[in-house]
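Trainee: Structure, please.
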Amino acid sequence: MIFVLGYFYPVIGALGKPLLMGLTGLWVIDLLLLFRSQHPIKAHRGLPERFSNGDPNPINVEIQNRYPFDVSLEIIDELPFQFQVRDHKITLQLSSHNKHKISYNLRPTERGDYTFGALNIFTASPIGLVQRRFQFDEQQTVPVYPSFIQMRKFELYAISDRLTDIGIKKIRRLGHTLEFDQIREYVRGDDVRSINWKATARRNELMVNQYHDERSQQVYSVIDMGRTMKMPFEGLSLLDYAINTSLIISNIALQKHDKAGLITFSDKPGPKVPAQKKHSHIYRIQEALYNLDTDFNESDFSRLYLSLKQHVRQRSLILLYTNFETLSAMRRQLPYLKRIASDHLLVTIFFQNTELDELLNSKADSEEEIYTKVIAEKFSHEKKTIVQELNQMGVQTILTPPAELSVNTINKYLELKARGVI
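Mentor: This is a model prediction of the structure:
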């Protein structure tokens with residue numbers, strides 16, 4: 001610009017050359033300051049071994065400035081493509097020979113492998129004419145698992161007997177399901193109804209049967225992987241909500257000394273994990289849940305019935321995660337649900353469309369809005385009718401918003417356990 005003006009005004013043109021020489025000198029000095037050292041900036045991106053799906057996961061970046069002067073840093077972290085973030089930039093001033101730690105959170109909404117690109121750091125000296133780029137920690141991969149953070153949260157509340165703090169109801173046990181333990185000698189205070197007369201006759205002294213609360217009931221999480229479970233809610237699909245809750249309820253069941261198992265299905269049987277009560281069994285269930293995904297096909301409930309008949313011989317609690325949007329869709333599967341309910345204690349869990357609820361609570365002004373609201377009321381009424389018909393057929397139900405799935409499922413499990421029906 002100075003040289004253009006100098007063409008018309010020679011006085012300004014005479015100043016241009018010294019200014020250009022001074023600017024060139026500063027540019028050379030800036031280059032020497034930034035590039036004379038081989039490794040003046042060190043950085044490391046700290047990632048956890050795995051991410052928890054649907055939860056904020058911390059990422060730590062540690063940067064060290066080895067320059068003998070303060071620097072301005074522009075940090076651009078190449079995030080996995082699943083996040084669809086292209087402008088993740090952090091700016092920072094870092095003093096000479098100093099370290100700084102940056103933390104930020106990422107919330108994945110899909111399971112699978114997430115690969116980070118390079119950690120790019122653009123460095124500028126106090127002169128600020130040149131930037132030098134450094135790259136660190138290229139191609140780091142982290143697997144995203146079902147929500148183990150929520151699983152641990154519920155586990156800690158259960159261990160500390162504070163489940164009521166997160167909405168879990170405290171239910172008084174109404175009855176006892178007992179199983180035989182051993183025969184022992186009668187002592188004063190024993191219930192006379194527990195006397196074993198055959199053993200008494202053989203030993204010629206009073207012997208009683210001793211019982212303890214039956215603990216090892218089987219609890220199976222059965223997950224529908226059909227296309228209806230692909231519906232999204234707050235970034236997560238209904239399938240992912242079901243997977244996260246299955247992990248949580250399996251862990252709670254193991255804490256309650258029950259056996260936890262897993263069955264999946266769509267148009268064909270999916271992965272299965274037989275019910276066991278070892279605490280380490282939760283890791284086997286977690287690995288099985290990690291790779292589940294919908295195939296967008298219509299789910300075959302007849303195959304589910306045959307699979308349960310073949311693989312689950314003992315009467316069990318079946319927590320069936322599915323989604324019925326219409327009454328006709330439920331009635332097509334009702335014969336199989338009734339058969340499953342005759343062999344097991346079946347709880348059908350499906351989802352409340354919270355967007356419809358918001359629409360029903362909104363004010364309708366135009367004809368189009370009134371028409372839309374009438375359709376929403378029809379769908380809402382059908383959901384309630386589905387619950388009524390299933391209950392009439394002896395099938396337990398949970399109709400829940402996706403965000404409250406874990407709490408409502410645990411409440412149902414504890415209620416059934418307190419009533420002694422499992």
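Trainee: For the stretch 151-300 of the chain, which segments count as helices?
Mentor: 197-203, 238-255, 281-290 (DSSP state H, counting those that start in this stretch).
Trainee: and the ones you listed, which is most packed in?
Mentor: Among these, helix 238-255 has the highest mean neighbour count (mean count of other Cβ atoms under 10 Å), at a mean of 26. In short, each C-beta sits where N, CA and C put it, glycine included.
Trainee: from the middle of its chain, how far away would it be?
Mentor: Using Cα atoms, centre = their mean, to the nearest Å, the mean C-alpha position of helix 238-255 is found 9 Å from that of the whole chain.
Trainee: Packing partners of it?
Mentor: Packed against helix 238-255, as judged by 3 or more Cβ pairs under 8 Å, 6 or more residues apart in numbering; DSSP states H and E, are the following elements: helix 148-159, strand 218-224, strand 259-265, helix 281-290, strand 317-321, strand 345-351, helix 405-418.
Trainee: average pLDDT for that helix?
Mentor: For helix 238-255, mean pLDDT rounds to 95.
Trainee: what angle sits between it and helix 148-159?
Mentor: 30 degrees (axes from the mean of the first three to the mean of the last three Cα atoms, to 10 degrees).
Trainee: what's the angle from helix 238-255 to strand 345-351?
Mentor: 140 degrees.
Trainee: quick revisit: nearest to residue 344, of the helices of the stretch 151-300 of the chain?
Mentor: For the helices of the stretch 151-300 of the chain, the distance to residue 344 is smallest for helix 238-255, at 14.8 Å, taking Cβ to Cβ.
Trainee: returning to what we had before: in CSV, list the helices and strands packed on helix 238-255 along with mean pLDDT and distance to residue 192.
Mentor: Listed next are the helices and strands packed on helix 238-255 as CSV, based on pLDDT from 0 to 100; distance: least, Cβ to Cβ, whole Å:
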stretch, mean pLDDT, distance to residue 192
helix 148-159, 85, 37
strand 218-224, 96, 34
strand 259-265, 96, 34
helix 281-290, 95, 40
strand 317-321, 97, 34
strand 345-351, 95, 33
helix 405-418, 90, 28
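Trainee: For residue 224, which non-adjacent residue is closest in space?
Mentor: Excluding its sequence neighbours, the residue lying closest to residue 224 (Cβ to Cβ, 6 or more residues apart in numbering) is residue 322, at 3.9 Å.
Trainee: closest to residue 19 out of the helices of the stretch 151-300 of the chain?
Mentor: Closest approach to residue 19 among these (Cβ to Cβ): helix 238-255, 61.3 Å.
Trainee: Columns distance to residue 219 on top of the helices of the stretch 151-300 of the chain, output as a markdown table?
Mentor: Listed next are the helices of the stretch 151-300 of the chain as a markdown table, based on distance: least, Cβ to Cβ, whole Å:
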| stretch | distance to residue 219 |
| --- | --- |
| helix 197-203 | 34 |
| helix 238-255 | 4 |
| helix 281-290 | 11 |
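Trainee: Identify whichever of the ones you listed lies nearest to residue 406.
Mentor: Of all these, helix 238-255 comes closest under Cβ to Cβ, at 4.6 Å.
Trainee: separation between the most centrally placed residue in the chain and residue 109?
Mentor: The residue lying closest to the centre of the chain (Cα atoms, centre = their mean) is residue 147, at 3.2 Å. The spacing between residue 147 and residue 109, counted by Cβ to Cβ, to the nearest Å, is 11 Å.
Trainee: list residues touching both of the two?
Mentor: Shared contacts of residue 147 and residue 109, defined by Cβ atoms under 8 Å, 6 or more residues apart in numbering, comprise 53-54.
Trainee: so how far is residue 320 from residue 229?
Mentor: Residue 229 is 12 Å from residue 320, by Cβ to Cβ.
Trainee: show me the contacts for the nearest residue to residue 107 once chain neighbours are set aside.
Mentor: Spatial nearest neighbour of residue 107, excluding adjacent residues (Cβ to Cβ, 6+ apart): residue 56 at 5.2 Å. Contact partners of residue 56, counting by Cβ under 8 Å, 6+ apart, are 105-107.
Trainee: which ones among these are found in strands?
Mentor: 105-106 (DSSP state E).
Trainee: Would you mind listing which of the contacts of residue 56 are buried?
Mentor: The neighbour-count criterion (16 or more other Cβ atoms under 10 Å) marks residue 106 among those as buried.
Trainee: ok, so of the contacts of residue 56, who is nearest residue 158?
Mentor: Using Cβ to Cβ, the contacts of residue 56 come closest to residue 158 at residue 107, 24.8 Å.
Trainee: Now do the domain split for this protein, please.
Mentor: Domain assignment for the chain by automatic domain parsing gives 41-145, 148-173+215-418, 178-213.
Trainee: Can you add distance to residue 28 and give the ones you listed back as a markdown table?
Mentor: Below are the domains of the chain laid out as a markdown table (distance: least, Cβ to Cβ, whole Å):
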| stretch | distance to residue 28 |
| --- | --- |
| domain 41-145 | 10 |
| domain 148-173+215-418 | 51 |
| domain 178-213 | 83 |
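Trainee: Deepest-packed of the ones you listed, please.
Mentor: domain 148-173+215-418 (a mean of 18).
Trainee: Can you check the distance spanned by that one, start to finish?
Mentor: End-to-end span of domain 148-173+215-418 (Cα to Cα, to the nearest Å): 26 Å.
Trainee: got it, and stretch 81-99?
Mentor: Length of stretch 81-99, first residue to last, Cα to Cα: 29 Å.
Trainee: ok, now stretch 314-332?
Mentor: Stretch 314-332 end-to-end distance (Cα to Cα) = 27 Å.
Trainee: buried stuff in stretch 33-40?
Mentor: In stretch 33-40, counting by 16+ other Cβ under 10 Å, buried: 33-34, 40.
Trainee: helices and strands of this structure: which one bottoms out on pLDDT?
Mentor: Least confident helix or strand, the chain: helix 2-8 with a mean of 53, by mean pLDDT, DSSP states H and E.
Trainee: How about the secondary structure of the residue lying closest to residue 80 once chain neighbours are set aside?
Mentor: For residue 80, ignoring the flanking residues on the chain, the nearest one in space by Cβ to Cβ, 6+ apart is residue 114 at 3.9 Å. Classification of residue 114 by DSSP: H, G, I helix; E, B strand; the rest coil places it in strand.
Trainee: what's the pLDDT at residue 114?
Mentor: For residue 114, the model assigns a pLDDT of 96.
Trainee: pLDDT below threshold where in the stretch 301-422 of the chain?
Mentor: 422 (pLDDT under 70).
Trainee: which residues in it form helices?
Mentor: 301-311, 327-343, 354-361, 367-392, 405-418.
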